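[1] structure here, sequence nowhere to be found:
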């Protein structure tokens, strides 16, 4: 963040942008707005700064994001016999383990994202099959029908998908935790009648190693 002080700030804007490792030049920010990355473990390699008279046509174009920040994540699970559980965040476990309770529905959403986009997800449900994908806090699965989620698909949408991957895995009855997968691939079981009991989701910088 860079800002001017005193009388200078009354007559000029300070614009700046940073070049980020493996990303390149980000967009321009000005007057103490954040520029760079947060939560990506990527270093800034160069900075460009420009003083511009207020109202001048020399101001740089703001045609791309100046800040890339790891978005917040909320995951809620509706479990048989319990209903909706408290939302959990990035890399935490939603649902139950060791209680023999099936997940029946889920809700996922992003927050504090510095770039546009959201999260999409769908559930494979007993006696129904794959449901259509829903987005950004909507309910996937069923409520009050006694049906079980058996598999899930999760993906990021919009510009956020250019900078981040979403990894996820499920805990299923009879098997425990299955392996991690990412970006819309199915996780769970089909045609076995085995319910998902818990879900773990983690958003990481694009190209980062699998969580496990």
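    Yes, it's here. Note that the structure is a prediction, hence the values are computed from the model and not measured.
[2] can I assume residue 21 is in contact with residue 40?
    No. Counting by CB atoms under 8 Å, residue 40 is not a contact partner of residue 21; they are 9.1 Å apart. Where you see a C-beta, it was placed from the backbone N, CA and C, and this is true even at glycine.
[3] higher neighbour count, the two?
    The neighbour comparison of residue 21 against residue 40 (other CB atoms under 10 Å) goes to residue 40, with 20 against 12.
[4] contact partners for residue 105?
    By CB atoms under 8 Å, 6 or more residues apart in numbering, the contact set of residue 105 is 77, 78, 123, 139, 140, 141, 142, 143, 149.
[5] list the contacts of the closest residue to residue 117 other than its chain neighbours.
    What sits nearest to residue 117 in space, not counting adjacent residues and going by CB to CB, 6 or more residues apart in numbering, is residue 158, at 2.5 Å. By CB under 8 Å, 6+ apart, the contact set of residue 158 is 115, 116, 117, 118.
[6] make a PyMOL selection of the buried ones in the contacts of residue 105.
    Those of these that count as buried under 16 or more other CB atoms under 10 Å are selected in PyMOL with:
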select buried, resi 77+78+123+140+141+142+149
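[7] now, the contacts of residue 105 that are in strands?
    Of the positions in the contacts of residue 105, 77, 78, 123, 140, 141, 149 sit in strands, assigned by DSSP state E.
[8] okay, those residues in a markdown table with pLDDT and distance to residue 56 next?
    Formatted as a markdown table, the ones in strands among the contacts of residue 105 follow (pLDDT from 0 to 100; distance: CB to CB, whole Å):
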| residue | pLDDT | distance to residue 56 |
| --- | --- | --- |
| 77 | 98 | 53 |
| 78 | 98 | 55 |
| 123 | 98 | 53 |
| 140 | 98 | 50 |
| 141 | 98 | 54 |
| 149 | 98 | 56 |
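[9] ok, so of the residues you listed, who is nearest residue 29?
    Residue 29 lies nearest to residue 140 out of those, by CB to CB, at 36.3 Å.
[10] against residue 34, how distant is the closest one?
    In this structure, residue 140 and residue 34 are 33 Å apart, going by CB to CB, to the nearest Å.
[11] mind listing the helices for this structure?
    Along the chain, the segments classed as helices by DSSP state H run 8-11, 160-163.
[12] show the pLDDT at the residue nearest to residue 132 when sequence neighbours are not counted.
    Distances taken as CB to CB, 6+ apart put residue 122 closest to residue 132, at 6.5 Å, once the chain neighbours are dropped. pLDDT recorded at residue 122 is 98.
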